[in-house]
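Asker: What would the 3D arrangement of this be:
(2 chains)
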Amino acid sequence: MAEAAIGNTPWSMWYKIRIFINTHLVNIFAGGLFVLLAIFLVFPLVMVFLKSFWGDDGFTTTFYQEFFTYNYYYWSFLNTMILGLSTMFILVVVGFCFAYMTTRGPMWLRTPLKICALMPLCAPPYIFSISLITLFGRNGMINNFFGLDFNIYSWTGVIAAQALAFLPLSFMMIENVLNSQNPSLEESASDMGASEMQIIRSITIPLASPGILKAALLVFVMTIAEFGNPAILGGRIPFLAPDTYLMITGEGDFNMASVLSVVLMVPCLIIFVLHNYILKGKGYTTIVGKPTAVDPKEITPVIKTFLLAVITPVVIMVVLCFAVIFIGAFVKIVGVDNTFVWDHMLNMQSNEAIYNSVKLSLMAGLFGAIVGTLLAYVIMRGKFKGRHVMEMMALSGFALPGTVIGVGYIMAFNKPPFLLAGTIWILILNCAFRFLAVGVEAGISKLHQISIEIEEASADLGADFITVFIKVILPIMFSAFVAGFIYTFMTTMMSLSSVIFLVTPGFDLAAVYIYLTAQLGELGLASAATVKMIFIVLVCLASLKLLAKKTGLKSEKK
Amino acid sequence: MSNKEKPMLELVDVSKSFGDVEVLKNISASVPKGELLTFVGPSGCGKTTLLRIIGGFTAISSGQVILDGEDIGALPPNMRDTKMVFQSYALFPHMNVRKNIGFGLKLQKMPKAKIDDRVDELLALVHMDGLGERTIERISGGQQQRVALARSLALEPKVLLLDEPLSNLDANLRVVMREEIRSIQERIGITTIFVTHDQYEAMSISDRILVLNDGIIQQIGTPTDIYETPKNKFIAEFVGYVNFLEGKIESFDQDSELYSVSTEHGNVSLNRTNNKDLAVADEIYLVIRPETVMIFSSDSEDLPNMLTGEIQDSMYAGNLVKYTIRCGDREILIDQYNPKDSIKFKRGDKIKFTVPKSVHALPKKG
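Answerer: So this is what the prediction gives:
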């Protein structure tokens, strides 16, 4: 008998290796990924942290003392918090108004409003700085037209740009909770005699509060981490993210840059933990049994007037901002000299920057998708301890301000053993690891949908682990892989805050190019590059949507 | 006395269309004070839509909804004196039991102490004393049902609307809650509309039943009317099992008040009491309920209305035996109760069975 024979003969080397691979491969992968995360995500942060305490003479707290003594530094922190809080308040109100309209308002208005609220997603956040300068700058269209002397390089400008840029974030989260509320609850309150205002106050808002809170926290984190808008419109007002950049490019002071980074990172990490581990699963399950389809009802006129009063100016601003970018790309100077020109679009330097960005994004996307998919698999199917730590590490890249990771990368990878500075690899790794979260989450949700029994059945039928992985797991996870790829590609295209630390002279990236031309007031060039970027991003979004439709993959955008 | 005659709720020619689809066609019905009327019908028949029209959640296309003499067709739900218990209960998850029940009272600006008293009273009514501080998540499905009921009753509505209130409960609890709802309803004498797709539930809880299908009222009547003298084949089949036997009325005997009906399996006589609208030469269906048929062995003596057949299948269910009888080219279902004291037949046994004279008949056309 064959079995007996095996029992007696010593196993061949190959057979032993196969057994080892079959039993341990997940853990081997896990170990490798752990090392990668440690080097490319944790190590730079540790460097930042150490550098904030490590001067020429070893450990010291002088840098922090300096931070809290000098007006300029701690005002930078306070301003950043004020910016975060005010944008947060504005966007909670605006996001709620939009979401209420698109979920309870008249049918014909829902889709156009939704498109409008989501439009800023397809452009980098700093596009609004460029538009606002075009409209309200010293030579801005609206300033000129109405003879105003409005200064856009101010608090108002920064907050407006931030609010427009992060509207989709707030809108999506609030719309999601409003949409998932059991419509019977509002009907039931109405049945009990409540007016629409009373329903909103006592039912709708309390039930949506977990989602509203999440929206507020996310908006806060994204706003304080945003580099472009405060850098371009901030003028003389100090903010942490742009100051970190200036500290390095202007003064070469890595210690103070690290202190500023730590100060910026701490609230972000606190909110990340709060958001992922404390608020997770919080919320009301409001759907019991099958709720009946609800007939849309009219919104009370008073409430409708209020909603429209909030929504209309925002809609006008969003549309206007996109319009001036598109017009600006094709005319000499918008509002001043409206002659049609191709110069901006055909500018060689801009096209080269776009080309470089595409190249970088492709590589970062591919790398990020591979790592993300493997991470998702290992996190879901591995049996080792520390899976949750790994998941947290993988997802944290999203919450960390780009400037902080940028500073960390320069310090971590400018000398052996990790000498990467000046190569394209430092950019690829930076983007791939920062934007891992979506690929990992898509992978995890995909694996949630399929039972582990599929893999066990394949193994039971005699398939090797590697065969199972290639023949079963990869095809199943392919849509998550593609989602991770496209998402990383798209965000890398637009990302400015981190790469600005890492680019070398002569290697322009589109985002950096747009930032620098906008700083110089070359709005036509900046607009043209932005239009090209928007086009590429729209293609990405369309393919993501197509993918979601074809595979039923939920695109978990944040 | 006139107050007694004036209905609490009246539907006059109520129609509703969603786009081109007409889901309710000229529904007219009136509900006297204190009655429990059930809307029953297969899913998609429009029963929930009709209930939502009464509650004010769905706008009416044409017709009138009259509550206690007042046309409320144009009023929004918060201005109607009808209260609804939703299928999903729609309890507010961010409020405890007490706050849920007191929600409507608070909106009416009732003083806090009075609200507390009223809520206590209602908690006692639905047997939930002492559970007022619980959150909604921490009470069972049956208790959630009670809270939803108490919340609707808190405002002492003129009409209580119940939308499939028992469909989320398991079978045993459903029976308990059904009896409880009925007993509370009778105790406080509230006019109630109850929607269900379950015909047994409808029969056991209702004063009267309104059978809906395809947006048309098929029949309104007491459970007995609906079960024993259904107006058409749809109703007969919708409530319980039924055998249809085709026949033709050959003659009518004045003295005995019996019709003589010929069927392909033999002649049957039929009482006139249940079938006043029939006339000689009418083509009819006999509506034979399985439990009304008596079964005999083939050697027993001939009785009136006796037909013959052969046992094709039998299923023992403890309290009864369900026989399937082959009778010519058709199958007839017979339920024989108390099988312990009767002969048990096997497959292939030749048998005789009697159709009662009281059997209901439906005209084949019309």
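
Asker: what are the phi and psi values for the closest residue to residue B:199 other than its chain neighbours?
Answerer: Distance criterion C-beta to C-beta, 6 or more residues apart in numbering or on different chains; nearest residue to residue B:199, sequence neighbours excluded, is residue B:239 at 4.6 Å. C-beta coordinates here come from the backbone N, C-alpha and C atoms, glycine included. The phi/psi pair for residue B:239 (degrees, to the nearest 10) reads phi -100, psi 100.

Asker: Against chain A, how distant is residue B:239?
Answerer: 25 Å (C-beta to the nearest C-beta, to the nearest Å).

Asker: Could you tell me which residues make contact with that residue?
Answerer: By C-beta atoms under 8 Å, 6 or more residues apart in numbering or on different chains, residue B:239 lies in contact with B:199, B:202-203, B:211, B:226-227, B:230.

Asker: Inside strands: which ones of those?
Answerer: Members of the contacts of residue B:239 lying in strands (criterion: DSSP state E): residue B:211.

Asker: Out of the contacts of residue B:239, which is nearest to residue B:22?
Answerer: Using C-beta to C-beta, residue B:211 comes nearest to residue B:22 of those, at 18.2 Å.

Asker: and whichever residue of the stretch 151-300 of chain B sits closest to chain A, how many neighbours?
Answerer: Scanning the stretch 151-300 of chain B for proximity to chain A using C-beta to the nearest C-beta identifies residue B:168 as nearest, at 4.5 Å. Residues near residue B:168, counting by other C-beta atoms under 10 Å in any protein chain shown, number 18.

Asker: For residue 305, report the pLDDT, please.
Answerer: You didn't pick a chain, so chain A it is. Residue A:305 carries a pLDDT score of 95 in this model.

Asker: hm, I was asking about chain B
Answerer: pLDDT for residue B:305: 89.

Asker: Can you give the domain ranges for chain B?
Answerer: B:2-238, B:243-363 (automatic domain parsing).

Asker: most packed of the ones you listed?
Answerer: Ranked by mean neighbour count, these are led by domain B:2-238 with a mean of 19 (mean count of other C-beta atoms under 10 Å in any protein chain shown).

Asker: quick revisit: now compare the contacts of residue B:239 and name the two farthest from each other.
Answerer: Distance extremes for these: the farthest pair is B:202 and B:230 at 13.2 Å, using C-beta to C-beta.

Asker: who's in contact with residue A:450?
Answerer: Contacts of residue A:450 by C-beta under 8 Å, 6+ apart are residue A:476.

Asker: For it, grab phi and psi.
Answerer: Backbone torsions of residue A:450, given as degrees, to the nearest 10, read phi -110, psi 140.

Asker: Please tell me how far it sits from residue A:533.
Answerer: Separation of residue A:450 from residue A:533 (C-beta to C-beta, to the nearest Å): 36 Å.

Asker: Please enumerate the strands of the stretch 201-350 of chain A.
Answerer: Taking DSSP state E, counting those that start in this stretch, the strands of the stretch 201-350 of chain A run over residues A:331-333, A:337-340.

Asker: What of the stretch 51-200 of chain B?
Answerer: Using DSSP E, counting those that start in this stretch, the strands of the stretch 51-200 of chain B run over residues B:62-67, B:70-71, B:82-85, B:159-163, B:191-196.

Asker: Nearest to residue B:299, out of these?
Answerer: Evaluated over the strands of the stretch 51-200 of chain B, closeness to residue B:299 peaks at strand B:191-196, with 46.3 Å, by C-beta to C-beta.

Asker: Tell me which helix or strand comes right after the helix or strand hosting residue A:352.
Answerer: Assessed by DSSP states H and E, residue A:352 sits inside helix A:348-381. Counting by DSSP H and E, the element after helix A:348-381 in chain order, helix or strand, is helix A:387-396.

Asker: Following element in sequence after that following helix, please.
Answerer: Next helix or strand after helix A:387-396 toward the C-terminus (DSSP H and E): helix A:402-412.

Asker: Other residues contacting that next one?
Answerer: Residues lying outside helix A:402-412 but in contact with it, judged by C-beta under 8 Å, 6+ apart, are A:41, A:43-45, A:47-48, A:51, A:225, A:227, A:240-241, A:244-245, A:248, A:254, A:257-258, A:261, A:264-265, A:397, A:418, A:421, A:426, A:429-430, A:434, A:495-502.

Asker: and it, C-alpha only, in PDB?
Answerer: The C-alpha trace of helix A:402-412 is given here as PDB (Å, rounded to 0.1, in the frame of the first residue of the first chain):
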ATOM      1  CA  GLY A 402       1.700  63.800   4.600                       C
ATOM      2  CA  THR A 403       4.100  66.400   5.800                       C
ATOM      3  CA  VAL A 404       5.000  64.300   8.800                       C
ATOM      4  CA  ILE A 405       5.700  61.200   6.700                       C
ATOM      5  CA  GLY A 406       7.600  63.300   4.300                       C
ATOM      6  CA  VAL A 407       9.900  64.700   7.000                       C
ATOM      7  CA  GLY A 408      10.300  61.200   8.400                       C
ATOM      8  CA  TYR A 409      11.300  59.800   5.000                       C
ATOM      9  CA  ILE A 410      14.000  62.300   4.400                       C
ATOM     10  CA  MET A 411      15.500  61.600   7.800                       C
ATOM     11  CA  ALA A 412      15.100  57.900   7.600                       C
END
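
Asker: distance between it and the chain's centre?
Answerer: 17 Å (C-alpha atoms, centre = their mean, to the nearest Å).

Asker: quick one: buried residues of the following helix or strand past it?
Answerer: Using DSSP H and E, the helix or strand that follows helix A:402-412 in sequence is helix A:424-434. Buried residues in helix A:424-434, counted by 16 or more other C-beta atoms under 10 Å in any protein chain shown: A:424, A:426-434.

Asker: Kindly reformat the domains of chain B as a markdown table containing distance to residue A:165.
Answerer: Shown next, in a markdown table, are the domains of chain B (distance: least, C-beta to C-beta, whole Å):
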| stretch | distance to residue A:165 |
| --- | --- |
| domain B:2-238 | 32 |
| domain B:243-363 | 70 |
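
Asker: can you tell me which of those domains the model trusts least?
Answerer: Mean pLDDT is lowest for domain B:243-363 among those, at a mean of 88.

Asker: Could you check how far residue B:225 is from residue A:97?
Answerer: Using C-beta to C-beta, we find residue B:225 at a distance of 55 Å from residue A:97.

Asker: hmm, back to that, want to throw the strands of the stretch 51-200 of chain B into a markdown table with distance to chain A?
Answerer: Shown next, in a markdown table, are the strands of the stretch 51-200 of chain B (distance: least, C-beta to the nearest C-beta, whole Å):
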| stretch | distance to chain A |
| --- | --- |
| strand B:62-67 | 14 |
| strand B:70-71 | 17 |
| strand B:82-85 | 5 |
| strand B:159-163 | 8 |
| strand B:191-196 | 11 |
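
Asker: Nearest to residue B:103, out of those?
Answerer: Shortest distance between residue B:103 and the strands of the stretch 51-200 of chain B, using C-beta to C-beta, is found for strand B:82-85: 11.2 Å.

Asker: Show residues contacting the closest one.
Answerer: Here strand B:82-85 makes contact (C-beta under 8 Å, 6+ apart) with A:187-188, A:191-192, B:51, B:54-57, B:67, B:72, B:77, B:104, B:145, B:148-149, B:152-153, B:155, B:157-163, B:165.

Asker: Go through stretch A:374-390 and flag the buried ones.
Answerer: Buried residues in stretch A:374-390, counted by 16+ other C-beta under 10 Å: A:374-380, A:382, A:390.

Asker: closest to chain B among those residues?
Answerer: Nearest member of those to chain B, counting by C-beta to the nearest C-beta, is residue A:380, at 28.6 Å.

Asker: Please list all residues in contact with that closest one.
Answerer: Under the criterion of C-beta under 8 Å, 6+ apart, the neighbours of residue A:380 are A:443-444, A:447-448.

Asker: go with 7 Å
Answerer: For residue A:380, the contact set (C-beta atoms under 7 Å, 6 or more residues apart in numbering or on different chains) comprises A:444, A:447.
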